[in-house]
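>>> 3D model of this:
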Amino acid sequence: MPALTMIRRIVGRRLRQVRRFAGLDSRRRALLVEAGWWLLLARLALMTVPFSRIAPRLGRFVPPDEGRLRGFPLAPPAGPSELARDVGWAVTLAARLVPFKAVCLPQAMAAKAMLGRRGVVSVLSFGVARTPRDGLEAHAWLAAAGVEVTGFAAAESFTEIGCFV
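Next up, the predicted model:
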């Protein structure tokens, strides 16, 4: 592929993204920018700080059953549920747009921070799965106010080993 064609595609893609961003209402734009900021902070923390120092900021580590009970109330109020869905949307989209790799754990950490700032209790779950090639694979996902916020697309294939509430 000629270099000029490749540059045109990249520029065209970025222009479409800018137009879509400009077309969002101010609340969603603010959520998206905040999500990008929290993703960056989570990524930097995971790269520079031992997880043993990050873990206490995520909450209390509990067995999976206890965390699930806290994260999924039987009848969650509409306000926090809608907010959890909006935060999930913002973090998932921002993870695709940021210029670094924002995998499941930084996404869950970013969403947990955003929801925590707004007083919404969330549960960050960790799971593992056996893979034929690599042995073990880990995954993180977040639930809040009865909503699957981040990481649930892959969560079902993992065995939950614990969570932060």
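>>> can you dump the C-alpha coordinates of stretch 37-48 into CSV?
What follows is stretch 37-48 as a C-alpha-only set of coordinates in CSV (Å, rounded to 0.1, in the frame of the first residue of the first chain):
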residue,chain,number,x,y,z
TRP,A,37,-7.6,10.3,31.9
TRP,A,38,-8.4,7.5,34.3
LEU,A,39,-7.2,4.9,31.8
LEU,A,40,-3.9,6.8,31.5
LEU,A,41,-3.5,7.0,35.3
ALA,A,42,-4.4,3.3,35.7
ARG,A,43,-1.9,2.3,33.0
LEU,A,44,0.9,4.4,34.5
ALA,A,45,0.2,3.0,38.0
LEU,A,46,0.3,-0.6,36.8
MET,A,47,3.6,0.1,35.0
THR,A,48,5.3,1.9,37.9
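>>> Can you list the neighbours in contact with it?
Stretch 37-48 is contacted by residues 54, 91, 94-95, 98, 100-102, 105-107, 109-111, 113-114 when judged by Cβ atoms under 8 Å, 6 or more residues apart in numbering. To be clear about C-beta, it is placed using only N, CA and C from the backbone, and glycine gets the same treatment.
>>> Show me what counts as buried in that stretch.
Within stretch 37-48, the residues that qualify as buried are 38-40, 42-43, 45, counting by 16 or more other Cβ atoms under 10 Å.
>>> do the same with stretch 115-125
Residues 115, 120-125 are the ones in stretch 115-125 that count as buried (16+ other Cβ under 10 Å).
>>> any idea how far the lengthiest helix in the chain is from the chain center?
Longest helix in the chain, counting residues (DSSP state H): helix 26-48. Relative to the centre of its chain, helix 26-48 is centred 10 Å away, using Cα atoms, centre = their mean, to the nearest Å.
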